[in-house]
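*Asks:* 3D model of this:
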Amino acid sequence: MGMKILLLGEYSNVHATLATGLRRLGHEVCVMSDGDGWKDYPRDVDLSRRSGILGKMSFLWRLVKALPRMRGYDVVQIINPMFLELKAERIMPFYRYLRRHNAKIVMGAFGMDYYWVSVNHELHPMRYSDFNIGDESRNDAVALSDYREWVGTARETLTKAVAEDADAIVAGLYEYFVTYDLAEEGRLKDKLVYIPLPIVIPDNVRPRKTDGKLRIFIGISKGRSAYKGTDIMLEAAREVQRLYPDRMELRVAEGLPFDEYRRIIDDSDVLIDQLYGYSPAMNALLAMSKGIVTVGGGEPEHYELLGERELRPIVNVEPTRESVFRALESLVLHPEKVDDMKRESVAYVRRHYDFVQVARQYERLYLSLMERNVK
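*Replies:* Residues are numbered from 1 along each chain as shown. I've put the predicted structure just below:
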């Protein structure tokens with residue numbers, strides 16, 4: 001018998017894609033979100049908030065109107081403790097409402113929250129992250145701003161309260177799994193589960209044949225280039241292009257509409273992804289599902305968590321300009337290897353991230369929660 005599931009909030013199309021997989025398995029699913037801002041991902045109930053007083057009033061009206069549709073679910077999964085476009089101190093009453101009127105609540109660990117900031121800034125569980133390089137905490141403006149937003153604030157209070165109360169916490173990347181495993185001195189690990197991100201894999205994928213110049217793509221996020229390391233990666237890519245102008249074409253995108261962004265990336269051979277990651281996130285996985293090679297996070301620990309012992313499709317780099325330069329130079333000088341890496345990229349995503357396969361893992365988690373009589 002199918003479950004009734006509410007997916008509340010959105011990051012990078014995770015919930016919209018998961019909903020498609022859960023529906024395929026016979027469950028009734030509602031997605032309520034803001035579409036992840038300008039990305040405007042699909043949802044059943046729009047909870048986006050525009051600027052200005054009219055935008056605020058419209059949002060509050062739609063939120064109140066949506067409250068009756070937030071009741072009576074077997075499982076409610078929130079994307080993050082900040083699952084609504086409200087100040088942290090105003091979100092807790094809505095969380096309590098969800099708790100009173102639904103059976104089980106799952107909290108997502110998919111992005112920025114108190115534990116992601118504090119654990120990586122203070123404990124340094126990984127060799128590098130958004131908040132540390134080795135034993136040194138990062139002190140660039142964006143990292144420090146995020147620290148001040150989440151630590152010692154209402155956002156910290158909210159994250160702790162929701163994590164403590166939720167029936168389960170799902171981490172979508174190796175990085176978040178490691179972080180939550182250490183959070184609160186390990187007291188959250190009993191409710192922590194790792195489930196890979198869901199990807200809809202195109203049918204009959206035929207990766208673009210590598211010929212002529214190697215087409216290398218990098219997307220720049222305005223205001224967060226230094227935080228994500230794309231400034232360093234772009235600098236390295238431009239140096240490789242300067243040395244090998246006849247072998248490489250560099251494509252740089254900043255602030256493009258999603259459809260145009262996707263068109264450019266689909267016609268590329270290589271994607272330059274985030275510098276400080278241990279594993280590929282949604283943008284990289286979508287590219288890999290189409291046979292585009294990713295340069296970014298592919299550390300051994302990530303493959304180990306997946307149980308992957310054969311495929312190594314990601315060109316893993318250390319968080320230095322020299323490491324990125326060497327990786328890109330090797331691809332440019334040996335384009336004959338790229339086609340094999342493209343095929344391996346598709347196989348890797350198909351093996352671990354297929355949206356129906358991932359939905360089955362969520363289904364097992366939700367059913368196991370329903371069998372418990374905890375709350």
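
*Asks:* Now for the closest residue to residue 150 other than its chain neighbours: which residues touch it?
*Replies:* Counting by C-beta to C-beta, 6 or more residues apart in numbering, residue 150 lies nearest to residue 117, which is 4.4 Å off, once chain neighbours are set aside. In short, each C-beta sits where N, CA and C put it, glycine included. Going by C-beta atoms under 8 Å, 6 or more residues apart in numbering, residue 117 touches 131, 146-147, 150-151.

*Asks:* One more pass at 10 Å, please.
*Replies:* Residue 117 sits next to 130-131, 143, 146-151, 155-156, 159, 179 when contact means C-beta atoms under 10 Å, 6 or more residues apart in numbering.

*Asks:* And for residue 71?
*Replies:* Going by C-beta under 10 Å, 6+ apart, residue 71 touches 6, 97-98, 100-102.

*Asks:* got it, and residue 354?
*Replies:* By C-beta under 10 Å, 6+ apart, residue 354 lies in contact with 21, 196, 198-201, 289, 360.

*Asks:* now swap in residue 152 and tell me
*Replies:* Shown in contact with residue 152 (C-beta under 10 Å, 6+ apart): 114, 118.

*Asks:* Look up phi and psi at it.
*Replies:* Torsion angles at residue 152 (phi, psi; degrees, to the nearest 10) stand at phi 70, psi 30.

*Asks:* so how far is residue 117 from it?
*Replies:* Counting by C-beta to C-beta, to the nearest Å, the gap from residue 152 to residue 117 is 11 Å.

*Asks:* what's the answer for residue 90, then?
*Replies:* Taking C-beta to C-beta, one finds residue 90 at 21 Å from residue 117.

*Asks:* can you tell me how far residue 18 sits from residue 39?
*Replies:* In this view, residue 18 and residue 39 are 16 Å apart by C-beta to C-beta.

*Asks:* More neighbours: which of the two?
*Replies:* residue 18 (24 against 14; other C-beta atoms under 10 Å).

*Asks:* Name the nearest residue to that one, sequence neighbours excluded.
*Replies:* In this structure, residue 18 finds its nearest non-sequential neighbour in residue 198, 4.9 Å apart by C-beta to C-beta, 6+ apart.

*Asks:* Give me the pLDDT for that neighbour.
*Replies:* The model reports residue 198 with a pLDDT of 98.

*Asks:* tell me the contacts of it?
*Replies:* So, once contact is read as C-beta under 10 Å, 6+ apart, residue 198 ends up touching 13-22, 172, 282, 285, 353-359, 361-362.

*Asks:* how much space between it and residue 92?
*Replies:* 29 Å.

*Asks:* now swap in residue 200 and tell me
*Replies:* Counting by C-beta to C-beta, the separation of residue 200 from residue 92 is 34 Å.

*Asks:* Residue 271 now?
*Replies:* In terms of C-beta to C-beta, residue 271 sits 39 Å off from residue 92.

*Asks:* which of the two has more neighbours?
*Replies:* Using other C-beta under 10 Å as the criterion, residue 271 and residue 92 rank with residue 271 on top: 25 against 16.

*Asks:* my guess is residue 123 meets residue 184, correct?
*Replies:* No: taking contacts as C-beta atoms under 10 Å, residue 123 lies outside contact range of residue 184: 11.7 Å.

*Asks:* Do you have the strands of the stretch 51-200 of the chain handy? List them.
*Replies:* 75-78, 104-109, 132-133, 136-137, 168-171, 192-194 (DSSP state E, counting those that start in this stretch).

*Asks:* Can you give me every residue that contacts the residue nearest to residue 275 when sequence neighbours are not counted?
*Replies:* Leaving aside its sequence neighbours, residue 275 sits nearest to residue 229 (C-beta to C-beta, 6+ apart; 2.5 Å). Counting by C-beta under 10 Å, 6+ apart, residue 229 makes contact with 128, 130, 272-277, 296, 317, 319-321, 324.

*Asks:* any idea which of the residues you listed is least confident?
*Replies:* By pLDDT, residue 274 ranks lowest within the contacts of residue 229, coming in at 88.

*Asks:* Wasn't that one part of a strand?
*Replies:* No: under DSSP: H, G, I helix; E, B strand; the rest coil, residue 274 falls outside any strand and is assigned coil.

*Asks:* how close does the closest residue to it other than its chain neighbours get to residue 278?
*Replies:* Of all residues not flanking residue 274 in the chain, residue 228 sits nearest, at 5.1 Å (C-beta to C-beta, 6+ apart). Per C-beta to C-beta, residue 228 is found 14 Å from residue 278.

*Asks:* which one of those two has more residues nearby?
*Replies:* Under the criterion of other C-beta under 10 Å, the comparison of residue 228 against residue 278 puts residue 278 first, with 24 against 19.

*Asks:* Helix or strand: which one has residue 348?
*Replies:* helix 338-352 (DSSP states H and E).

*Asks:* Quick one: residues contacting the nearest residue to residue 58 once chain neighbours are set aside.
*Replies:* Excluding its sequence neighbours, the residue lying closest to residue 58 (C-beta to C-beta, 6+ apart) is residue 50, at 6.9 Å. By C-beta under 10 Å, 6+ apart, residue 50 lies in contact with 34, 56, 58-59, 85.

*Asks:* Looking at these, spot the one nearest residue 332.
*Replies:* The closest of the contacts of residue 50 to residue 332 turns out to be residue 34 (C-beta to C-beta; 40.0 Å).
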